[in-house]
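> Pasting the sequence and the predicted model now:
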Amino acid sequence: MNTMLKSLGCAAVVAGAGMGANVAQADYVSTVLSNEDLIAYYRLGEDPSQTSTATDASGSHDGTYHGSPLSTMGPTADDGWNSFGDNNSAINLNGAGAITLDTAALDIPQITFTGWFRLTDDTHNQRIYTTQASPSNRFTINVANGQRLHVTTGGSNGAWVPIDTVLDGEWHHLVVSRGSNAREDVAVWIDFLPVATTLASHFGQGTGTNPTLGAQGVVDGTIDNSFLGSLDEVAFFNRVFTQEDVNELHAAALIPEPASLALLGLGGLAMLGRRRRA
Ligand SMILES: [Ca+2]
């Protein structure tokens with residue numbers, strides 16, 4: 001066996017051994033952080049009973065916890081998703097919490113929301129994300145009473161998405177993009193598949209003030225329409241996403257199939273055997 005083949009054999013063994021413990025693909029977190037249009041990234045790994053700061057992993061736009069949200073476990077390998085590190089915590093809004101964000105960072109003409117949600121109850125109107133502003137330029141992602149996800153960017157029209165399939169207590173990924181022009185379409189992806197693109201009649205130019213995760217807002221300490229579920233890994237981007245952008249996140253969120261890892265490992269062992277016989 002020539003020297004090159006020996007080197008390949010060793011490399012395959014090392015790669016096979018290494019991938020089991022440390023996934024050798026672009027992981028979800030680094031994929032989000034490497035996007036040049038990222039505005040803010042809330043990994044939501046804090047324990048809100050210990051701190052009121054929801055850290056922006058990308059830099060300078062920390063949020064603030066309000067009410068009594070709870071720390072919970074985020075999507076893990078057991079759910080079929082990249083486990084976001086060994087200890088991925090998320091936030092259960094519990095119908096009693098909210099996270100206020102930075103208006104200066106997020107009141108922008110076009111925006112994309114990405115994140116994970118776990119819905120446990122749809123019996124009343126609740127918010128995944130909303131801004132408080134005049135109806136002409138608000139931006140909201142609602143769970144409306146009656147099993148629908150409702151995205152509005154002004155007025156009462158918007159993209160209505162049936163969510164029967166996600167009212168299952170499992171983690172699901174959500175992408176919502178809106179453009180900068182009046183009557184611009186809003187695009188919604190659930191679990192990385194497009195589910196709604198629609199033109200509405202009341203699209204505003206901005207995205208509104210007092211952006212809030214998990215509630216309608218916090219006014220004088222009162223939290224309205226708090227989300228009856230959990231959120232994790234919420235990020236905002238300063239542009240509209242395409243299917244290609246969503247595909248990139250999807251690839252990063254997936255766990256490599258065990259079969260391919262096993263084959264790689266067996267291949268490495270076979271090459272090692274050949275090297276020993278040489
Ligand atoms: Ca997290």
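Sure thing, it's come through.
> Residues of the stretch 1-150 of the chain that sit close to the ion?
When proximity is defined by Cβ under 5 Å from the ion, the stretch 1-150 of the chain lies next to the ion at R43, L44, G45, G74, N88, A90. Heads up, the C-betas are built off the backbone N, CA and C, glycines and all.
> burial of S60, as a residue count?
8 (other Cβ atoms under 10 Å).
> I meant to write N87 there.
Counted with other Cβ under 10 Å, the burial measure for N87 works out to 9 neighbours.
> for P75, same thing?
24.
> same thing with the one 4 residues further on?
Other residues lying near D79 total 16 when counted by other Cβ under 10 Å.
> Backbone dihedrals for it, please?
phi -90, psi 0 (degrees, to the nearest 10).
> I figured it was touching E170, is that so?
Yes. D79 sits in contact with E170 when judged by Cβ atoms under 8 Å, with a separation of 6.7 Å.
> Pull out the buried positions in the helix or strand where L249 lies.
Using DSSP states H and E, L249 sits in helix 243-253. Residues of helix 243-253 classed as buried by neighbour count (16 or more other Cβ atoms under 10 Å): D245, V246, E248, L249, H250, A252, A253.
> now stretch 209-219
Judged by neighbour count using 16+ other Cβ under 10 Å, the buried positions of stretch 209-219 are T209, N210, P211, T212, L213, G214, A215, Q216, G217, V218.
> Closest to V32 out of those?
Distance from V32 was checked for each of the buried residues of stretch 209-219 by Cβ to Cβ. The minimum falls on L213, at 15.8 Å.
> is it true that that closest one touches L231?
Yes. In this structure, L213 sits in contact with L231. The criterion is Cβ under 8 Å, and the distance is 6.2 Å.
> Tell me the residues that contact both of the two, please.
Any residue near both L213 and L231 by Cβ atoms under 8 Å, 6 or more residues apart in numbering counts here, and that gives I128.
> got the contact list for T112?
If a contact means Cβ under 8 Å, 6+ apart, then T112 has V175, V176, S177, R178, F236, F237, R239, V240, F241, D245 as its contacts.
> In the residues of the stretch 1-150 of the chain next to the ion, which residue is surrounded by the most others?
Each of these was scored by neighbour count (other Cβ under 10 Å); the top score is that of L44, with 30 neighbours.
> Assign that residue to helix, strand or coil.
Following DSSP: H, G, I helix; E, B strand; the rest coil, we place L44 in the coil state.
> Distance of it relative to E244?
L44 sits 26 Å away from E244, going by Cβ to Cβ, to the nearest Å.
> for the stretch 151-278 of the chain, which spans come out with low pLDDT?
Scanning the stretch 151-278 of the chain with the threshold set as pLDDT under 70 gives 153-164, 180-185, 197-207, 256-278.
> The helix or strand harbouring S177 pairs with which strands, and in what direction?
Using DSSP H and E, S177 sits in strand 171-178. Strands adjacent to strand 171-178 in the sheet, as given by DSSP bridges, are strand 111-119 (antiparallel), strand 186-190 (antiparallel).
> Dump the first one to CSV, keeping only the CA atoms.
As requested, C-alpha coordinates have been extracted for strand 111-119 and formatted as CSV (Å, rounded to 0.1, in the frame of the first residue of the first chain):
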residue,chain,number,x,y,z
ILE,A,111,-36.9,41.6,8.4
THR,A,112,-36.7,37.9,8.8
PHE,A,113,-37.6,36.1,12.1
THR,A,114,-36.2,32.6,12.6
GLY,A,115,-36.6,30.4,15.7
TRP,A,116,-38.0,27.3,17.3
PHE,A,117,-41.4,27.1,19.0
ARG,A,118,-43.2,24.4,21.0
LEU,A,119,-46.9,25.0,21.2
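> could you point out which element follows that strand?
Remark: after strand 111-119, the chain's next helix or strand is strand 126-132, criterion DSSP H and E.
> same for that next one, what does it pack against?
strand 111-119, strand 140-144, strand 209-213, strand 229-237 (3 or more Cβ pairs under 8 Å, 6 or more residues apart in numbering; DSSP states H and E).
> With distance to G59 as extra columns, can I get the ones you listed in a markdown table?
Putting the helices and strands packed on strand 126-132 into a markdown table (distance: least, Cβ to Cβ, whole Å) gives the following:
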| stretch | distance to G59 |
| --- | --- |
| strand 111-119 | 17 |
| strand 140-144 | 24 |
| strand 209-213 | 17 |
| strand 229-237 | 12 |
